[in-house]
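>>> Curious how this folds, go ahead:
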Amino acid sequence: MKKMTHHDCRILVNIEIEFGQIKERDAILNTLLPDNINFPNELSMEMSVNNKSLMINTSSTKIDTMINTINEILYHISLAKKVIKYD
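Numbers count the residues shown, from 1 in each chain. Sure thing, here's the model as predicted:
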């Protein structure tokens, strides 16, 4: 039996956030896009939209990296929702 290492394990987190308006969803997406570059090798993230929802799919081989990434994403979304005003 092959010995399992931390590289054999991959953590997947899929987040769906539904917004009241498409323009709100797009504004939040645009605030996250500049941070969506230069990831370490053990981390990947893809964002997409579906109706009024923002879909964020992340994966990592390291639990600490995943936790920090999810915390950062949610923090940026929360902050953006506080400063962006909608009609």
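>>> buried sites along the longest helix along the chain?
Ranked by number of residues, the top helix in the chain under DSSP state H is helix 63-83. Neighbour counts over helix 63-83 (16 or more other CB atoms under 10 Å) mark 65-66, 69, 73, 77, 80 as buried. For every residue, glycine as well, the C-beta is placed using N, CA and C.
>>> Quick check: the closest residue to residue 32 other than its chain neighbours vs residue 61, distance?
Distance criterion CB to CB, 6 or more residues apart in numbering; nearest residue to residue 32, sequence neighbours excluded, is residue 76 at 6.0 Å. Distance of residue 76 to residue 61, given as CB to CB, to the nearest Å: 23 Å.
>>> Is the residue nearest the centre of the chain in a helix, a strand, or coil?
Against the mean C-alpha coordinate of the chain, by CA atoms, centre = their mean, the closest residue is residue 56 at 4.3 Å. Here residue 56 is recorded as strand under DSSP: H, G, I helix; E, B strand; the rest coil.
>>> ok now do it, which residues does it touch?
Counting by CB atoms under 8 Å, 6 or more residues apart in numbering, residue 56 touches 14-17, 32, 45-47, 73.
>>> Lowest-confidence entry in those residues?
When these are compared by pLDDT, residue 32 scores lowest at 89.
>>> Against residue 22, how distant is the residue nearest to residue 65 when sequence neighbours are not counted?
The spatially closest residue to residue 65, leaving aside those adjacent along the chain, is residue 43, at 5.4 Å (CB to CB, 6+ apart). Counting by CB to CB, the gap between residue 43 and residue 22 amounts to 28 Å.
>>> Those two: which has the busier surroundings?
Each of residue 43 and residue 22 has its neighbours counted (other CB atoms under 10 Å); residue 43 has more, 16 against 12.
>>> so the more buried one makes contact with residue 63?
No: the pair residue 43 / residue 63 is not scored as a contact, 11.5 Å apart, by CB atoms under 8 Å.
>>> could you say which helix or strand contains residue 30?
Per DSSP states H and E: residue 30 is located in helix 22-32.
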